Structures are given as C-alpha cells and as structure tokens.
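Engineer: I'll drop the sequence and a predicted model, then ask my questions.
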Amino acid sequence: MLKCNINGVDLEVPEGTKLIEAFLKAEQKIAHYCWHPGLSVAGVCRLCMCEIEGNPRLQIACNTEVQEGMVASNQSEKVKETVRWGMDFHLINHPLDCPICDQAGECGLQEQYMEYGQYTPSMAHAKVKKRKVVSLGSKVVLDSERCILCSRCVRFTDEVTKTHELGIFNRGDKSEIGTFHDKPLENKYAVNTVDICPVGALTSKEFRFKQRVWYLKDEKTVCPGCSTGCSVKVYHNQEGLFRVKPEYDAEVNEHWMCDEGRGVFDWVNRQNRQSYSVNAENMEKPSSSELKLILTAQQTVEEYESLFEYLKSSNKKVEVYYWKNNPDKFDDFDNLLIRGDKNPNTKGLLETAVKHDITLNPFSGFDGFESFEGDIWFILPENKAVYPLYEQYVEKALKLENNLTIFAVPKVKVDKTKKNISILPLKTYFEKDGHFLNFNGLKRQLKPGPLQVSSALALNEWVSFVKSDDFGDQVDLLSKRKSEGFRKKNEMTQTGGGL
Amino acid sequence: MSKAIESKLLTEYYDDPHYMSFEGYTKRKGYEVLKKAFKMKPEEIVAEVKASGLRGRGGAGFPTGVKWGFLPKNDKKRFLLCNADEGEPGTFKDRMMMEKAPHQLIEGMIISAYAVNAHKSYIYIRGEYTDCLRIVKEAIDEAYAKGLLGKNILGSGFDHDMDVYSGAGAYICGEETGMISSLEGLKGQPKLKPPFPAIQGYLKFPTIVNNVETLAAVIPIIEKGADFYKSLGTEKSTGTKLFSVSGDVVQPGNYEVELGTPLMDLIELCGGLKPGRSLKAVIPGGSSAPVLTADECVDATMDYENLSAKGSMLGSGAVIVIDDSHSMVDLLTVIMHFYHHESCGQCTPCREGTGWLEKLVKGILKGSGRVEDLDLILRVANNMKGRTICALSDAAALPALSFVEKFRLEFEQHIRTQSPVRERETTSHA
Amino acid sequence: MAFILKDEDKNFVLEELKRYESKYSAIIPSLFRIQKKEGWISAEAVSVLSEVMGLPEAHINEVLQFYTMFNKEPVGKLHVQVCTNVSCAMNGGRELAKKICQKYQVKEGAVSQDGMITVTRVECLGACDKAPMMQVNDKYWEDLTQESAIQILEDLKQKVVG
C-alpha cells in the first residue's frame, strides 16, 4: 500500500493505482471524460489536471501512478482555470441541442459544466459541422457533432469485445468516430458504447426518446438473462420499466453487460404480464392426492426452498419435472459474459433439489401425462423468449383435463369457463426478494423493486398462501385487487414535450 | 561582429556529386570512422557523445548522449529509429543530407546502433521525399552488399539490420512518439509519456529516436573526439548546425555554421536581404518557434541558450527571414492554418484550439475581426500551451502569442482599416 | 467498378506483412501500392486489403483517413500539389495555386473535365529555399514562376497524352 495525500486527505492505495482513482477514492471531485476504469488510459481530454508537489507542470491524473508519499491537489486557481478552459475547448464545437438530446440529464458535459464551466462564452465563430443521426445498426445511433472524441467507445470495441468495428477517422477537428462505411455495430455488447459515451453522441435506439432520464429511478438488481447473473440497474418510473444498464461488479461483470440482457425489463412491464388470478379459489378445494409439478431454473432459491418443503410435508404423491431449454447449449460461453444457459438459477435449483431430496425428472412435454388424473402445477418461466417450446407447451397444458394450476409471469390466454384451470400471477425478479446461484455458485441477491402487478406473488408467497388456513379469504382479497388499468402517462412528457 | 563563415563538418564533401555513392563516399574516408567505432566499447561511444554536448538536431534539442543513457542497461531487444520526417515548415536540411550523403547517415546510424546495442533500425522518411526514399534504400542495399549491414559487420561481431519506412503525409509524425505510432502501422498520434520511448517505444521495446543530422554528427564526434567537437560552437551549444534559410534572403539554402553564429551574419551569408528591403522579423527555428522582431535579431546568436533567452528557440534550424513587404497578419494566418490542418485530433485543447485560432486570425485577416479578438487569441493560445500529450499544441500557440504580442500594432491597424465597425454577438455556449 | 487486387499486388502485400515486426506496419506501404496502381484508394480496396491482411477495416480506414498523401477520391492524371506554407506563401505559392486552377478551370481538390489535373494546396514539402514549388505526382518542381509552372504542366500533359 502507498500513502498519499489528495487535496489534504490522507489515504492509502494499492500499488499501481492511478492518481485519478486516488482522487475518486478520497471523494474529491476531478473532471474527466476519456478515463474509464474498465479501459486503457487515453489521456486525451486533458481535464483531470492536478498539481503534484515537486512537479512544476500540471499533470493529468489518469496517466500518473501514485507514488509513496505523493501529494496532489486540484484546488489551486491555476488548476481550476486550466480545467475551465479544458471544458471550453470541449464545448466550442459542441452543438447546443440539449433540449432534443436524449443524453440530457445524464450528460457528462452538462454535469461537469455546472462544476467547471466558464459561463461566459467567448467562441463567436461558426462551429464545425459533422454528421448527425447516423444509424450504426439496429441498436446504436451516432451524432458526430456531439462527440467529444474521448475514444471510450473505440477502446471498448478494441479492448473488451476485440471486434474493432469503431475508429476515429480523419484528424484534427475533422475527426469523427464511426464504423467503416457506416457498417452496423452489431456485436453482442454494442450498447455498452452508449453507456460509456459521456455525451449524447451514441444513443440507444431502444431507449432514445422513450423517457427523459430525470423521470426515472433506478434499482440495483441482478440480470436474470443467463447463468452469469450480471449486476445491473433497472430504470423505471410509474409508467413501468424502460431500460437496464450494467452496474460495476468486480466478481462478475465488471463494467459491462450484454445487449440481450438489456431486454430483461420488458417482460416485467404490466402490459406483458398476467395481471390477475383466474379461478384462484380452485386452490382451496380438496384435490387429488397426486401432483405433477413442472418447473424451470428461473425461480429464486427461496422459492424452491419453500416449494420443496411444502411438497415434502404434504402427503401427496409428487413428481417434479424439470423443464430445460436447450440443454445442449448450457455450457456455451463467449469468454466475456454470455452463457448458453439462459436461466439465472440452474445451480440454485439443482442444489436445493438435492438438499430436499427432490428428484428432478426431465420434462419433455405432456406426452406421458395422458393417463395421469391427479393435479398439475405448471410454473412457467418468466423469460419465455428463451424457451423455444413455450407456446407449444402452454397450448398443450391448456387442453389438459386435469386440475391444473399455472403460475405465470407472462400473460396466459385461457377460457375462463374452463373451471379446471387456475392461473396465479407471479412476481418477476424485479419485484421479489431472494437470490440466484450463478454458473459458479456465486450468490446473486435480488432486491425487490416496486410491484408492477399488484396481484402477483412470488412462488414462496403462493405456497405459504396455499398452506395457510384462511386461504379462501386471502384469495378473495387478491381477486379484488385486480386490474387497475394503466396508470396515467407522466404529465410532463405527455403535455410538455411537444418538440 | 565576427564574419560568419561556413564550418563544414558534416557537409564538407556535399559539393562532390559522387559522395552519394558508396564509392564516392569511401573515397572521402567513408566508413573509416565505423571501423574506429568498432574498436571502441559501446559505452565509450555513448560517453564520447555525451561529452561532446551534442543535442538533438530535430527540434527539441535534447542532449543525445543523455537520451541514449535512458535505455535499460540490459541486452534485451531495442530499436534505433532515424527521424527523417522533416516537416517543420522552413526545414529542408535532412532532405539534402539524404540526397547528397545517404551513406553518411547509414554510417552514423550503424555507429549509434552499436553504441546503444540496437540490432534493428528504421529510417522513417516523410512520404513526399520520394527521391530520398529511393536513394536511401539503394544505399542501404549497397551497404548490405558491402558487408556494412547484416551479420557480423566488418568482423566486429555486431549484427545490424536497417530498413526505410515511408511516411504518408502527417506533420505530427515528426514528433518521436507520433513517428513510432506511424511506424507501428497506426495513425501517427503521439503516445502518452511516461513511458518514454527509451523505456517503452516501438512495439513497446526500448527505442531511441534521433534526427538525421544528429546521427550524422556522431561520425565527426567519434572521428575527432568530443573535445574537438566541443571546441566548435558555444559552451552549451556545441558543434555545428545546418540552418535552412528561406524567405526574403538573396540566396536561400542550407548553411552549416558553428552554433552561436550571429543571426545577422547568417543572413549575410545568404546574401543578405533583397535589395531595397529592410528586415521585419525572423522565425529562427521553424514555424513553431516564436518570431523575433528586427530589433531582437540584432544581437541574436544561433544557439540554444541565446534564442531561448529571447523567448524563442533554435528548433530544427529553419530560419525564415521576413522583410517589410509582408503582412504579419497574413503570415500568421498561414501558420495557423498549418497547425489546424496538422493537429492529430487526440487532445481536446489542440484539436479544438488550433481550429479556433485559425478562425480568429483568419477573421482578422478577412476583415471581420475585433480588437478584442487579439486578447482572445492570447487567452486561447495560453491555454493550449503545456496542456497536451505532445508539443504540437504549443507549436501552434507560440507563433500566435509571439506574432500578436510583438506585432500587436500591426494587427490592430489591420483590424481598424479592414473591419467595418460592427457589433458581433457571441453565440451562446456549447 | 469492383476493386480487384491483382496477384502481383497481393504478393506485395503478403511480403510487406512479413517485412516488419508488426503486421499493421504493412498498411501504409500497401495503401501506397494500391494508390500507385489506381490513383486513389476506394472503400472496396480497403475491404479487400482488410481481408488479405487479416486486419480490421476500421483500422485500415483510420490510417487511410489520417494521412494526407492518400487520395480518398479519384484525382487527375497529374496531381499538382502546390505548397502554400510560409516560405512558399511569401514567394507567391498561393497565387501560383490559384493561377493553375484558373488555367485548367478546376476547383481545388476536384478533377479537371479532361480528367487530367487536380490541384491541391499542401503544407511544407521541404523545398523552402526554392519557393515557390509544386509536386506533380511524385516529382518536385522548384523555383517556379507562374509561367514556368504552366509550361511544365503543359509539357507533362503532352507526355501523358502521348
């Protein structure tokens, strides 16, 4: 460990630490654009200037390694003036289009201008014109005029994905980022470039113009898209969920996530959900002493625990079927983050099953079920997109004559007159407490965010309901809580945003 | 005032048209010093060069022996690169050296490579110099044929391979790390320092980059000794230097004189100013060097210390003489256009600042300038100085500062006579 | 017209790939080779090079766009590059460039109607003692006057036509 002093704050940092990291660790503000902890040092924005005792020249903190006893500061007027001018150089050719820029509200230029701006502009000449609204494939849009050429995105495709699609072409103030001949940027991690773009140069096609970011809140949780279990932030407001971004996690995904994982917000949204229960009262009726249960590896460990405990304690004859999607691809891995097992909790399911001595029979459709007359519980996977046989199996299930209970996140279309079928809405990963075990057994803790479907319960909550004595009353209550319709659109975006 | 005379240490035989061939060169004692060098230990050569006080002739003027001393003291692979990307406006000495004496460069490089224990060297020649590229490549091939390159050169046990590499049009590749990037097949963008090239240069190997003239100067230093070399020039600016004189003199050209030669003598050596003209200004070290007024020229001597004391620099030795027929506003516009055109675009202050400076100065030239713009030029330039990875930003800022500061009256007069009086709004920010 | 890399040029590229310590170093020489044959470097050429060299297109394009000697658009048979930097500007380089443009009725950077001439203003070419000067394709022409320059171009034109 090295001792150093940053703006008068004494601290210790490990060897090899860059000075800018020491500033951040000491909770000292330091302007920067090009430096990113997950990428190599570019040292081009020239904003993280600081004074180091014993060195007459200002140094950039991102390319300076902390030395034992180093005393550094960015508080002097000399540094502040330099940073203000550095900001100005970034802005003289940057368009003033914040009102129509999707980055507004989370823009590095806006944020750092508040702190380091000159406030009295001296640029009076025409700005450099560059290309706007350049489509870089299905996911990303480029606005070259907004780009401050920090090169983060280029370094990302060079160093992280090693796909090398992006470059900075031309030179001087004619430099522009882009792909070769506007070829699409379609690698599986492309939207990370949008995340790390400090300005509105790269924006996400999926998210842009959907919401102003200041109307969004975020919750940290875990991506349920595959068995990697990346730490993510989900952005939402009362209208629903809008996007997912990676959250730094040294053990799992560091700074990144895959583009596929960014889609995991959509199935949580109310319009895609089973939002009310159907024939819930069925659960109360004394039913058969035989039960077949079909499940996937998409529930939490807590849910399996409670479910298996219940199954063990009931005096029913139970058979549990484990529905695996694409088992032959479970071990696929792209050497970055994406795993072939598109379930967040395969390990958790298997371990919990062993713990409770539950045998998991492979599920391959209802073909063997014809002679079975007992009850069936069918726990549908919430990420149905990764289950190719989903529609087929659900259709089959709905034709069964058995007393069938479907636990579902996605909408299930059922003929309500079919009294043998009950449907119970499930909570998603975003709404429940609990944890997954990822591919190597690491605990991935979920944090419950705001409930999107008020009648939904987690599987363990349904189980405790079923067990409880006053189940009937509770179900009544639940049924009454159904379908409150869509909430009003945000007033500001509805009425104030006529650009 | 002493009369300047040429002191032809490097250019002694440049008038001999055969000097460019292997035979012509060896007739003039060519490759004899190499034999002497091989009898010395590499560290002795480094010590001799250090003692000679030789400073880099490309522009920065860094002591060559000291630079060599930065290499790690081990046997690991390293490279010697010759910087022949002569691009500093006003400079044309390396071109002449390569055209007239390619073997001199090769000999200087082999000695230097032996001194720093480099087994591979490249001569990075700017792409426009197609003649130099051809001549030097042919000379290298000849040297291979004569056993002066390749394995076990002259029985010394020292192996060395040499190749040329063509630039493709970028001033910034004259900056040593820009050149390294270019040689690596990248855009010629300078690299962050630290690490310095001597520690981590070409493809991350320790690398020494020296200018053509610097490498050639190693020959007389080894031939005649550091003491002899030091006896030329001034105490701190030792030896001779080629000056490329252009602009308003009767006989522009390359002149090799001792460092410390009075500037006015050098001008006289070039036949003086054109008839009927008076001196207005001199850019003493390439277009990035701050301009000197006629008054400052009077006691200026062509050495590192004197020019730096005058707030300018010796640079590459490109002396641009400006007489009273030229407008300083016009010339600054030309210079600002150049740096704007050549900024590599990496560092924000340079990328944006060079363009801004050009717009400001051009505005003044074209008649849309305001007197306040002069102060703005100074502020912009001052904030580009010392803020970037390489010195191009400074190179753009220094002429802007010196022109406007030293010829402010002329700029103001130009604005008053050319610019219609009108208010101009600044655009709001960003 | 689709770009085809001839065998001899392909072999050149493959040799250059072996010549330097890094494969990337072969990009500049390979681009020069293509330019010598085609007069300029098209996007198709970049794609073909990328495939032959096994290097990303974006990277080759970065190099292509960075250096001014590479023609990113077709140029005339005589590419007239007139230096307009300080020493040449002081000696009529800018007026020379203008004069040549006028004479051949061509805008700077464009190709004359007969496909013969492109005039570009360039930065210092290291011939400041012989200002003004121009480079026509590879060759330097120094100590010019407007008249001598036009004469030189006329002669060169004749040679190209002949």
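Structural biologist: Perfect, I can see it now. Numbers count the residues shown, from 1 in each chain, chains lettered A, B, ... in the order given.
Engineer: which residues does the nearest residue to residue B:61 once chain neighbours are set aside bridge with?
Structural biologist: Nearest in space to residue B:61, with sequence neighbours left out and distances taken as C-beta to C-beta, 6 or more residues apart in numbering or on different chains, is residue B:55 at 4.5 Å. (C-beta placed from N, C-alpha, C; glycine too.) Beta-bridge pairing of residue B:55 under DSSP bridges involves residue B:63.
Engineer: can you pull the contacts of residue B:55?
Structural biologist: Contact analysis of residue B:55 by C-beta atoms under 8 Å, 6 or more residues apart in numbering or on different chains lists B:61, B:62, B:63, B:64, B:237, B:238, B:304.
Engineer: Contacts only, for residue A:35.
Structural biologist: Residues counted as contacts of residue A:35 (C-beta under 8 Å, 6+ apart) are A:18, A:20, A:41, A:42, A:43, A:45, A:48, A:62.
Engineer: tell me the pLDDT at the second one?
Structural biologist: Predicted confidence (pLDDT) for residue A:20: 98.
Engineer: I'd say it and residue A:48 touch.
Structural biologist: Yes: counting by C-beta atoms under 8 Å, residue A:20 touches residue A:48, with 5.1 Å between them.
Engineer: what touches both of these two?
Structural biologist: Contact criterion C-beta under 8 Å, 6+ apart; residues shared by residue A:20 and residue A:48: A:30, A:32, A:35, A:61, A:62.
Engineer: Now do the last one, the pLDDT please.
Structural biologist: By that I understand residue A:62. According to the model, residue A:62 scores 97 on pLDDT.
Engineer: Assign it to helix, strand or coil.
Structural biologist: helix (DSSP: H, G, I helix; E, B strand; the rest coil).
Engineer: So the nearest residue to it once chain neighbours are set aside: helix, strand or coil?
Structural biologist: Spatial nearest neighbour of residue A:62, chain neighbours left out: residue A:35 (4.0 Å); criterion: C-beta to C-beta, 6+ apart. At residue A:35 the chain is in coil, as set by three-state DSSP.
Engineer: Same check on residue B:410?
Structural biologist: State at residue B:410, reduced to three classes by three-state DSSP: helix.
Engineer: Could you pull out the strands in the stretch 101-250 of chain B for me?
Structural biologist: Listed in chain order, the strands of the stretch 101-250 of chain B (DSSP state E, counting those that start in this stretch) span B:120-125, B:161-166, B:207-211, B:240-247.
Engineer: by contact count, what packs against the longest one?
Structural biologist: It stands for strand B:240-247. Contacts defined by 3 or more C-beta pairs under 8 Å, 6 or more residues apart in numbering or on different chains; DSSP states H and E place strand B:240-247 against helix B:93-100, helix B:212-231, strand B:253-258, helix B:263-269, strand B:318-323, helix C:86-90.
Engineer: 7 Å instead, please
Structural biologist: In terms of contact count using 3 or more C-beta pairs under 7 Å, 6 or more residues apart in numbering or on different chains; DSSP states H and E, strand B:240-247 is assigned the packing partners strand B:253-258, strand B:318-323, helix C:86-90.
Engineer: Quick check: which of the ones you listed is nearest to chain A?
Structural biologist: Counting by C-beta to the nearest C-beta, chain A lies closest to helix C:86-90 out of the helices and strands packed on strand B:240-247; the figure is 18.9 Å.
Engineer: Could I get the CA-only coordinates of the helix or strand harbouring residue C:150 as PDB?
Structural biologist: For residue C:150, the host element (DSSP states H and E) is helix C:146-161. Coordinates of the C-alpha atoms in helix C:146-161 are reproduced here as PDB (Å, rounded to 0.1, in the frame of the first residue of the first chain):
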ATOM      1  CA  GLN C 146       3.600  31.100 -62.800                       C
ATOM      2  CA  GLU C 147       4.700  30.900 -66.400                       C
ATOM      3  CA  SER C 148       7.300  28.200 -65.800                       C
ATOM      4  CA  ALA C 149       4.800  26.100 -63.800                       C
ATOM      5  CA  ILE C 150       2.200  26.300 -66.500                       C
ATOM      6  CA  GLN C 151       4.900  25.400 -69.100                       C
ATOM      7  CA  ILE C 152       5.900  22.400 -67.000                       C
ATOM      8  CA  LEU C 153       2.300  21.200 -66.700                       C
ATOM      9  CA  GLU C 154       1.700  21.600 -70.400                       C
ATOM     10  CA  ASP C 155       4.800  19.500 -71.100                       C
ATOM     11  CA  LEU C 156       3.700  16.900 -68.600                       C
ATOM     12  CA  LYS C 157       0.200  16.900 -70.100                       C
ATOM     13  CA  GLN C 158       1.700  16.300 -73.600                       C
ATOM     14  CA  LYS C 159       3.700  13.300 -72.200                       C
ATOM     15  CA  VAL C 160       0.700  11.800 -70.600                       C
ATOM     16  CA  VAL C 161      -1.400  12.200 -73.700                       C
END
